[in-house]
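Enquirer: build the 3D model from these lines:
(chains A and B)
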Amino acid sequence: MSAQVRIPTPLRRFTGGAEAVSADGATVGALVDSIERNHPGIKERLCDEAGEVRRFVNIFVNGEDIRFINNLDTPVHEGDEVSIVPAIAGGSFCPGLATLDAP
Amino acid sequence: MSRLPKRGNASSQDREGTLDTFPLFPTEGPPPVGPLRVPSVLHLIGNTPLLEITRLSTDIVPGVRVYAKLEGFNPGGSVKDRPALSMLQKGIESGALTPDKIILDSTSGNTGIALAMIGAVLGYPVELCIPANVSMERKKIISAYGAKMIFSSPMDGSDGALDLCRERLQEQPERYFKPDQYFNPHNSLAHYQTTGPELWWQTKEQITHFVAGMGTGGTLMGTGRYLKEKNSAIQIVGVEPDDAFHGLEGLKHMDSSIVPGIYYEEQLDRKISVSTEDAYETVYRLGREEGVLVGQSSGAAMWAALQVAREIDQGIIVTLFPDFGDKYLSTNLWIGWKEYNQRQAQNQAQGAV
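Expert: You can find the predicted model right below:
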């Protein structure tokens, strides 16, 4: 399974400046491991010592927050779009709130 | 007399300023001094209180006192009321901000709220470039003041909002007034003129350390400059996230960011890096132990101030809490709360055995 993963600005130093990378895996966790193989150092920014996604990191699969699906075990299908978004700028973790519409 | 039972906290009992010396509802003596009547909400900006931190600092020697300036008491709810007012006032004075212009800036939150509030009072339209993932509370607060928002990609953080704002300004420069908090010297000047003197007075000229977070650098530069002029031995300590990738809204990791034009690193005596997790847990502790609910940047500032406090034998350390926590209730800040509480309960149970 291959998916495009969008990388936020502060992590692009690991991807040689690339805004998105392709990664392989059937779950988000596997995708993260796949990115780590190609871009060492990135996983430790995304996950804590226990291997869980760090509190301020949001990962979306097709716009859905994985915290509301199955965390790192959230399944990924061919062609899914995965985004890593830091909670900086008051980032909300509720799905659907990161819209471009006024309230 | 104290109306509340005292907690069994040895070091706080030793200190002045406990409930006995300052009764909660005084019935004798003159009425409290304060701005009882004001002609506009802008007159309520500044003169925020200084809170002594007594419960988080129980492991600190008695010669060291730690205080936090509660900037959430500003009418717009944050420290940003000070620079926003100062930059707009200067704009009007200099003729750069005329009644036909729109106030435009990029902001991830508190400055936007301050500009929106002050714009409403002074009668200027306000437009703000904001990353689309700012919390719903913020969007609603800004809307409530009648300001307009233009959203940038959540992927690009506050730098994305900065770029969007620049583009807009380039298209129609004559239409807008941009306070430009990252480059406007009246940002730090506001702190030189208000925050600095307030702290000097509030600590009876005894302050030895000023510890504050760095976003634009305005608070630290302006307050620091004033305090150094009064006493060059006062240590100015900057607080920043430990990595470019962090969750400390309002703070900048300077080495990896567009460095603000008003920021001069050589004016700092020291920088302390704080991890997002440590800052969040300090927010939880401030709520549970001191009864102060603040945002993540306050947690970071508190954590760093406590670091400094553990290193010295004598001194008055002042940190600054940029805002209260109500704007962050729907953010990632609270993701670890349940786990933190469980851990506390476990520790307590073990301690009881």
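Enquirer: now do the contacts for the residue in chain A positioned nearest to chain B.
Expert: Closest to chain B within chain A is A:F56: 2.2 Å, counting by CB to the nearest CB. C-beta coordinates here come from the backbone N, C-alpha and C atoms, glycine included. By CB atoms under 8 Å, 6 or more residues apart in numbering or on different chains, the residues touching A:F56 are A:86-88, A:91, B:246-248, B:276, B:280, B:332.
Enquirer: check what pLDDT it gets.
Expert: We have a pLDDT of 92 for A:F56.
Enquirer: quick check: closest non-adjacent residue to it.
Expert: B:G247 (2.2 Å; CB to CB, 6 or more residues apart in numbering or on different chains).
Enquirer: what's the neighbour count on whichever residue of the stretch 251-353 of chain B sits closest to chain A?
Expert: Closest approach between the stretch 251-353 of chain B and chain A, counting by CB to the nearest CB: B:N332, at 3.8 Å. Applying the criterion other CB atoms under 10 Å in any protein chain shown, we find 26 residues in the vicinity of B:N332.
Enquirer: give me the pLDDT for the closest residue to it other than its chain neighbours.
Expert: Spatial nearest neighbour of B:N332, chain neighbours left out: A:A87 (3.8 Å); criterion: CB to CB, 6+ apart. Looking at A:A87, its pLDDT reads 78.
Enquirer: and A:A87, how many neighbours?
Expert: Residues near A:A87, counting by other CB under 10 Å: 26.
Enquirer: and it, how far from B:P241?
Expert: 12 Å (CB to CB, to the nearest Å).
Enquirer: now the helix or strand where B:Q350 lies: average pLDDT?
Expert: Assigned by DSSP states H and E, B:Q350 falls within helix B:337-352. Helix B:337-352 carries an average pLDDT of 90.
Enquirer: contacting residues around it?
Expert: Counting by CB under 8 Å, 6+ apart, B:281, B:284, B:288 sit against helix B:337-352.
Enquirer: for the second one, give its distance to B:V292.
Expert: As defined by CB to CB, B:Y284 lies at a distance of 11 Å from B:V292.
Enquirer: tell me which of those two has more neighbours.
Expert: Using other CB under 10 Å as the criterion, B:Y284 and B:V292 rank with B:V292 on top: 21 against 18.
Enquirer: tell me which element the more buried one falls in.
Expert: Here B:V292 is assigned to no helix or strand, by DSSP H and E.
Enquirer: do B:I113 as well
Expert: Counting by DSSP H and E, B:I113 is found in helix B:110-122.
Enquirer: make a markdown table from the contacts of helix B:337-352 and add distance to chain A, pLDDT and secondary structure to it.
Expert: Below are the contacts of helix B:337-352 laid out as a markdown table (distance: CB to the nearest CB, whole Å; pLDDT from 0 to 100; DSSP: H, G, I helix; E, B strand; the rest coil):
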| residue | distance to chain A | pLDDT | secondary structure |
| --- | --- | --- | --- |
| B:E281 | 10 | 97 | helix |
| B:Y284 | 11 | 97 | helix |
| B:R288 | 18 | 95 | helix |
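Enquirer: closest residue of chain B to chain A?
Expert: For chain B, CB to the nearest CB, closest residue to chain A: B:G247, 2.2 Å.
Enquirer: A strand includes that residue, no?
Expert: No. Counting by DSSP: H, G, I helix; E, B strand; the rest coil, one finds B:G247 to be coil, located in no strand.
Enquirer: that one against A:P86, yeah?
Expert: Yes. If you go by CB atoms under 8 Å, B:G247 and A:P86 touch, sitting 6.1 Å apart.
Enquirer: the longest helix anywhere in chain A and chain B, are they touching?
Expert: Ordering each helix of chain A by length in residues (DSSP state H) puts helix A:28-38 first. No. Using CB under 8 Å from any CB of the partner chain, helix A:28-38 stays clear of chain B, coming no nearer than 13.6 Å.
Enquirer: how about the contacts made by residue 61?
Expert: Went with chain A since none was named. A:28, A:69, A:74, A:76, A:80-82.
Enquirer: that's the wrong chain, I wanted chain B
Expert: B:D313.
Enquirer: now stretch B:120-136: average pLDDT?
Expert: Mean predicted confidence for stretch B:120-136 is 90.
Enquirer: does chain A have contacts with that stretch?
Expert: Yes. Using CB under 8 Å from any CB, stretch B:120-136 reaches chain A at B:130-136.
Enquirer: which one of those is nearest B:A147?
Expert: Of all these, B:A147 sits closest to B:I130, with 10.0 Å by CB to CB.
Enquirer: name the nearest residue to that closest one, sequence neighbours excluded.
Expert: The nearest residue in space to B:I130 (CB to CB, 6+ apart) is B:M149, at 5.3 Å.
Enquirer: likewise B:L268?
Expert: B:L268 sits nearest to B:G238 (CB to CB, 6+ apart), 4.7 Å away.
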